[in-house]
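[1] quick check, what structure comes out for this input:
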Amino acid sequence: MSAPQQTDQHPEKSLNNLSRISWLRLNLYNLVAGMGIGLILCLLISAFKGGWIGTRGLINQMIFSTIIAFFIVNSIYISQKVLRLTSGKGWLFLIVYYLSSIIGMLIAIEMIYLVRALVFNQEYHFLHLEDARFSVVVVVIVCTIIHVYTTQTKIMNAKLREKNLNMLQLSQMKTQAELAMLQSKINPHFLYNSLNAIASLIHEDPDKAERMTIQLSKLFRYSINQSQESLVTVQEEMEIVSTYLDIERVRFGDRIDFVIAVDEELFKDKIPRFLIQPLVENALKHGLKNVADHGLLRIEIHKAAQITISIIDNGIPFPEELETGYGLQSTYEKLQLLYNDDYEVQILNQPVKQIKIIIPYTHG
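    Numbering: from 1, shown residues only. Below you'll find the model as predicted:
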């Protein structure tokens, strides 16, 4: 615990470390660039003179270029840090950029001649205009090339980021559209079954038909009000399921016992909307349709390494060659859209008949 506390209490140390790393990386690039420029200048001088300037001349030119590059780069770095300039400052940035480059170049030339004078015990004369004139031209050309290159790179990277963002937004819109399409398929399917049940009860038991109609209205009111959300809390999803089960209790009476067991700690976690209801509907329609009494439909949501949802019934076992019907297919499609491959669906007959869904946590 002590390490995180030190980081939190002294963020300026982390910033200094990052600044030091970026400075070292900058000068490493500067070393390579200086040697490259020295080699190019050596070749140009040799071509201009009509003969190779020799190994010693090559070494001197590369050292000369590397030292100049070091002072130029650090002059630009310091000026931008002190003045807090970025390329977005326009002409002010360019003026400081070229001025600091020329100043760094002039300092480097004088330092080179001063070191030579001290090492070889020579007389030092300040201001070497001939070297400075030639170097100014080279510095302006090289700095212009570097500036154009870095500017174009930033523009290309910005366009690439914008393109990736647009692609991500399109992908999200596509996912939302596909989820909306799934939802539009679920609602009419359920409506068809429920209206058939209500129609069959109107003459036999008008009170039951009325209760079913009220619950159905409540369920669809919830669906319409929340139509833009792909994920809802476990508590909200179980309200949907409870409303649906209230409809089915009217239809099945005492033939089936409905049980819901949910870990309260999961109430605020989020799961796909209308994930459970189609599977419950399938269990009633296929597994429990011929059960005369003592039927059981149990819905469990437990907290484990991931969220575990189980729809359990004591009806007809799943066949070995299970056909992926409407409810199960819509479940697979919805999970794939929301979680890619980070989910699991288990269809089991032992130790109890159940469909088990395992999905990652999504906190509200």
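[2] isn't there a strand covering residue 352?
    No: applying DSSP: H, G, I helix; E, B strand; the rest coil, one finds residue 352 to be coil, outside a strand.
[3] who are the contact partners of the closest residue to it other than its chain neighbours?
    What sits nearest to residue 352 in space, not counting adjacent residues and going by CB to CB, 6 or more residues apart in numbering, is residue 312, at 5.6 Å. C-beta coordinates here come from the backbone N, C-alpha and C atoms, glycine included. Residues counted as contacts of residue 312 (CB atoms under 8 Å, 6 or more residues apart in numbering) are 296, 297, 298, 299, 300, 352, 353, 354.
[4] gap between the two ends of stretch 284-296?
    One end of stretch 284-296 to the other measures 10 Å (CA to CA, to the nearest Å).
[5] now that stretch: buried residues?
    284, 286, 287, 288, 291, 295, 296 (16 or more other CB atoms under 10 Å).
[6] in JSON lines, list those along with secondary structure and pLDDT.
    Putting the buried residues of stretch 284-296 into JSON lines (DSSP: H, G, I helix; E, B strand; the rest coil; pLDDT from 0 to 100) gives the following:
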{"residue": "284", "secondary structure": "helix", "pLDDT": "86"}
{"residue": "286", "secondary structure": "helix", "pLDDT": "84"}
{"residue": "287", "secondary structure": "helix", "pLDDT": "84"}
{"residue": "288", "secondary structure": "coil", "pLDDT": "87"}
{"residue": "291", "secondary structure": "coil", "pLDDT": "83"}
{"residue": "295", "secondary structure": "strand", "pLDDT": "91"}
{"residue": "296", "secondary structure": "strand", "pLDDT": "93"}
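[7] next SSE downstream of the helix or strand where residue 161 lies?
    With elements taken from DSSP states H and E, the one containing residue 161 is helix 129-201. In the C-terminal direction, the helix or strand that comes right after helix 129-201 (DSSP H and E) is helix 206-225.
[8] from residue 357, how far off is residue 304?
    As defined by CB to CB, to the nearest Å, residue 304 lies at a distance of 12 Å from residue 357.
[9] one more: residue 205?
    Between residue 205 and residue 357 the distance is 35 Å, computed by CB to CB.
[10] those two: who's more crowded?
    It is residue 357, of residue 205 and residue 357, that has more neighbours when counted by other CB atoms under 10 Å, with 22 against 14.
[11] which SS state does the more buried one fall under?
    strand.
[12] from residue 344, how far out is it?
    Here the criterion is CB to CB. By it, residue 357 lies 7 Å from residue 344.
[13] mind listing the shared neighbours of the two?
    Residues touching both residue 357 and residue 344 by CB under 8 Å, 6+ apart: none at all.
[14] shouldn't residue 297 be in contact with residue 310?
    No: the pair formed by residue 297 and residue 310 falls short of the contact definition of CB atoms under 8 Å, at 11.2 Å.
[15] neighbour count: those two, which is higher?
    Shown here are residue 297 and residue 310; by other CB under 10 Å, residue 297 has more neighbours (23 against 19).
[16] low pLDDT regions in the stretch 151-300 of the chain?
    Screening the stretch 151-300 of the chain residue by residue with the criterion pLDDT under 70, one finds the ranges 168-190, 193, 223-228.
[17] tell me, what's the model's pLDDT at the spatially most distant residue from the centre of the chain?
    In the chain, counting by CA atoms, centre = their mean, residue 123 sits farthest out from the average C-alpha position, at 63.2 Å. Per-residue confidence (pLDDT) for residue 123: 79.
[18] is it in a helix, a strand, or coil?
    The assignment at residue 123 comes out as coil when based on three-state DSSP.
[19] with residue 136 as the reference, measure out to residue 130.
    The gap separating residue 130 from residue 136 is 11 Å, by CB to CB.
[20] out of these two, which sits in the more crowded spot?
    residue 136 (15 against 7).
[21] what strand or helix carries the residue lying closest to the more buried one once chain neighbours are set aside?
    If the residues on either side of it in the chain are set aside, residue 136 comes closest to residue 102, at 6.1 Å by CB to CB, 6+ apart. With secondary structure defined by DSSP H and E, residue 102 is part of helix 91-119.
[22] equivalent analysis for residue 74, please.
    Per DSSP H and E, the secondary structure element for residue 74 is helix 54-83.
[23] give the buried residues for that helix.
    Using 16+ other CB under 10 Å as the test for burial, helix 54-83 gives 58, 61-62, 64-77, 79-80.
[24] same check on stretch 140-151?
    Residues 142, 143, 147 are the ones in stretch 140-151 that count as buried (16+ other CB under 10 Å).
[25] which residues does the first one contact?
    Going back to what we said before, that points to residue 142. Contacts here follow CB under 8 Å, 6+ apart; on that basis residue 142 touches residue 37.
[26] pLDDT score assigned to it?
    According to the per-residue confidence, residue 142 scores 77 in pLDDT.
[27] please begin residue numbering at 14 from this point
    In the new numbering, first residue 14, that becomes residue 155.
[28] distance of it from residue 252?
    When CB to CB is the yardstick, residue 155 and residue 252 sit 69 Å from each other.
[29] can you check residue 41 too?
    Taken as CB to CB, the spacing of residue 41 relative to residue 252 amounts to 61 Å.
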